[in-house]
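*Asks:* What would the 3D arrangement of this be:
(2 chains)
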Amino acid sequence: MMDKKMLNSNLPMINTGSEHGHSKFAGLHLLVRAVKKFSPIGKAALVIAAIIVMMGIFAEHLSLFSNNLPSGYALEAPGKSHWLGTDDLGIDLWAQICYGARVSLMVGWGTALLAGIGGSLIGVVSGYAGGITDKVIMRLTDLIIVLPELPMMIVLGAFFGPSLKNVILVLALFSWTEPARIVRSKILSIKQEHYVRAAKSYGAGVWHLIRVHFLPSLLPLVLVSMIRLMGRAIVAEAGLAFLGLGDPLSKSWGLILNHAINFKGIYFTEFWKWWVVSPITAITLMVVSIAFISRELEKLVNSKM
Amino acid sequence: MWKGYFKKLAAVMLIAAVTLTVAGCGKPSESASAGTDPTSSGSAKVEVLNLAGGDNGYPSPFTHSSRGPGFSKMWLVFDSLLERGEKGPIPWLAEKWEISSDGKEYIFTLRDNVQWQDGQPLTAEDVKFSFEYFAKYPPVANETLIDGKSFIEKIEVLNPKTVKITVESPLAVALGKIGATRIIPEHIWKEVTEPQKNMTKEALIGSGPYVLKEYDKEQGMYKFEAFKEYWGPQPSAEVIRFLPISASGNSAAANNIVLAFEQGGLDIAEITPDILAKYQDKPDYKVLENPSFFGYRLLLNMEKRSELKDLQIRQALAYAIDEQELVEKVFRGAAVPASAGYLSAEHIWYNPEVKNYEFDLEKSKQLLAGKTLRFKLLLGNSNEEIRIAELMKISLAKAGIELEIKSVDTKTRDAAVKKNDYELVLNSGGGLGNDADVLRTVYTREASAPGSVTGIPGYSNPELERLAKAQLYEMDPQKRKEIALKLQELIAQEIPLLPLINTTGYVVYKPVKYEGWKYMYDHHNVTHSKISFVDVK
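*Replies:* Numbers count the residues shown, from 1 in each chain, chains lettered A, B, ... in the order given. From the prediction side, this is the model:
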């Protein structure tokens, strides 16, 4: 899909929107083509990310045990029934990791969507309107960029109370600036393109311009930046939970880690081998694969420009 | 995994830094520790004792924190007439005392040549002044109050070494309470009208075995030095340091403490049962198991939730909590289920016959009779508390009681307990080995002294109050013991608060370096005992 839009944006002619009819079918085809252009590492990252997404979606069916009720002895080593062992309360770790994937994805997507859509809208307004509006908005983004993120998140998290919704809101509040700035600069350059000026001279309205000319060329950029945001949001949530500031009931990967690290003398026992390693592996795999995917996409987008 | 290694690495570096500084400071006084007192019990004097720290306030009787570590630091600087020994109270500033036959007059004879740390002599006038000053300006622990008012009628100085204290009525606990009151210097405090704000150097002039030399509130670091002219049993260490490695169970502190102990940065460490094997029966180490005088309990606020006034609901709660599971999972076996009668099983007057609420969901459901309840549970943020709460939530839900868990930091939790601003609160504390009068202060309402955590909001039981009063005024120890046993029985039946588990836990130290660690007869932690730091026989 993005591939097609990118091509569109680079055609020095007026888009009519007539090919939108068959774009749904062609979109899939183009997506496959885009994936084919991925490097082997990128493909591997895509597979890992897909597996983690599946883990999150089918958490109930993937684990034999509950993720919040004790189902075995405390601190059982990985074995036949408890694949990743159990934690100090005797709760299955594999189940917790699966549900944790759901929490992480929810936080990642929630933040990325909120910040991506909100940020791009602000960017469009800023870039298109220009003048005083642009100045005000840009100074606001500067302000948010210079605010130290982690301490502010800790304070806001403590202030609003630790729930998943609040974590997403607070993370979005600190991440909309990146898409906003990218979108604004893109709008500034498209605004000067001949086809846009031509459309304007024919009497095209703002909404028509956004829908037909701006969005297609913005989407790939916003998507890449959203995927990057997603990775950051997942790490940030894990960090907050690790510090004990996340939602205590959300059972995210960070919270598993928080409990494991707070277990007295964990490194002098062998429990860390499953209790600490599994959530860290999950977080690392997820974040690294997202980083690779976003890098591959970036390459594609840049080469087309 | 890497995060783990980094933490380890960071901890090792921290400890290395600490050890280097300690070693640097310790050197000059090396030769001073050579001579040993012939009357000593044989434990040699050490240069520096390093203990885990944390901020527990400025150690004057008015400004220290109201938990064990705060008290113990203040005790190093300030003496009292009696101190708590291994078997019971021992004579300290008072050499001997007499109690009149009607139990109303106490005559204490002070020791000779007792000096304040600024060189002034300590006299009976100071003793009189201390009691009178505390009556006007209550310290953190106001020992001389019963039911919110002082039980002391008058104090007379008979001569510079003798003081007579008259109490209003014969009290079983009077000697203990008078004996535990700290003695402060009149020449320093007589002008002070806001002792809670007095953070001057003079505020820390006591008659105790150690002098505070450094205090860093932010880092939670203290440095005490032996008081050279101390009258009594000699200080066992030249320097005691409380290092900025948090002693609280929070975060990775426990790991750091064990690491620091292994590196020699700390001289005593609390350890968990999982790493016990590393130290037990090894010649270089000695492991002590703490008596179970510290416990976790669930406090019920019957003012906020009047349904808790219903005995059946309280019992249903008690039946639906699996204490044995808490012991095994949260404490890894280093705890025992608490007696419903409050006092620890190791208390001299423990009653083993009291009603026992063994985990029984069916019984709990029967008592609830189909009712479903929902409570907000407040707790601190230590890992133990969070895990206890999670397990309680699971097992109570099976009985039909929903818990909404809210975790805050310990100080916020303690403040909420003081203000009765909670529905259910998970609280922890020591004192389970104290005099049986603790039952009165915990379970009866009017005993609440300002600033202390006593009484059960919204609960009163005339029989319980009668017994609690009766033991207070019973001077015959045997009869008093019987009342205390009966009181525990009634408390267990009524279950106005839910004692959950009492921790035991272990500490490990290296006898080569220092082996003077001692338990006070009623306390669970050797690093809190004054007698651990002085050379008493």
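*Asks:* beta partners of the residue nearest to B:Gln324 when sequence neighbours are not counted?
*Replies:* Distance criterion CB to CB, 6 or more residues apart in numbering or on different chains; nearest residue to B:Gln324, sequence neighbours excluded, is B:Pro337 at 6.1 Å. Yep, even glycine has a C-beta here, placed from its N, CA and C like the rest. B:Pro337 has these beta-bridge partners by DSSP bridges: B:Ile501.
*Asks:* count of residues packed around B:Phe242?
*Replies:* B:Phe242 has 27 neighbours, counted by other CB atoms under 10 Å in any protein chain shown.
*Asks:* hang on, it in a strand?
*Replies:* Yes - counting by DSSP: H, G, I helix; E, B strand; the rest coil, B:Phe242 is found in a strand.
*Asks:* give me the low-pLDDT residue ranges for the chain?
*Replies:* In the absence of a named chain, chain A is used. A:1-27, A:303-305 (pLDDT under 70).
*Asks:* That was the other one, I meant chain B.
*Replies:* For chain B, the ranges with pLDDT under 70 are B:1-44, B:246-253, B:446-454.
*Asks:* how near is the most far-flung residue of it relative to its centre to B:Ser532?
*Replies:* The C-alpha centroid of chain B is most remote from B:Gly370, which lies 41.0 Å away (CA atoms, centre = their mean). Using CB to CB, to the nearest Å, B:Gly370 is found at 54 Å from B:Ser532.
*Asks:* Same question for B:Gly54.
*Replies:* Taking CB to CB, one finds B:Gly54 at 18 Å from B:Ser532.
*Asks:* Touching, B:Leu245 and B:Val258? I think so.
*Replies:* Residue B:245: Ile, not Leu. No - here B:Ile245 lies out of contact with B:Val258, judged by CB atoms under 8 Å, at a distance of 10.4 Å.
*Asks:* Just give the closest residue to the most centrally placed residue in chain B, not the sequence neighbours.
*Replies:* By CA atoms, centre = their mean, chain B has its centre lying nearest to B:Gly68, at 3.7 Å. In space, and not counting its chain neighbours, B:Gly68 is closest to B:His528: 4.7 Å by CB to CB, 6+ apart.
*Asks:* repeat for B:Trp75
*Replies:* Here the residue nearest B:Trp75, using CB to CB, 6+ apart, is B:Lys530, at 4.6 Å.
*Asks:* what's the residue nearest to A:Val276 when sequence neighbours are not counted sitting at in phi/psi?
*Replies:* Sequence neighbours aside, A:Ala260 is the residue nearest to A:Val276 in space, at 4.7 Å (criterion: CB to CB, 6+ apart). Torsion angles at A:Ala260 (phi, psi; degrees, to the nearest 10) stand at phi -60, psi -50.
*Asks:* before we move on, what about B:Ile268?
*Replies:* phi -150, psi 140.
*Asks:* Tell me how many other residues crowd it.
*Replies:* Applying other CB under 10 Å, I find that B:Ile268 has 22 neighbouring residues.
*Asks:* Verify the stated contact: it with B:Pro511.
*Replies:* No - contact status for B:Ile268 versus B:Pro511: not in contact, 11.0 Å apart, counting by CB under 8 Å.
*Asks:* Okay then, goodbye and thanks.
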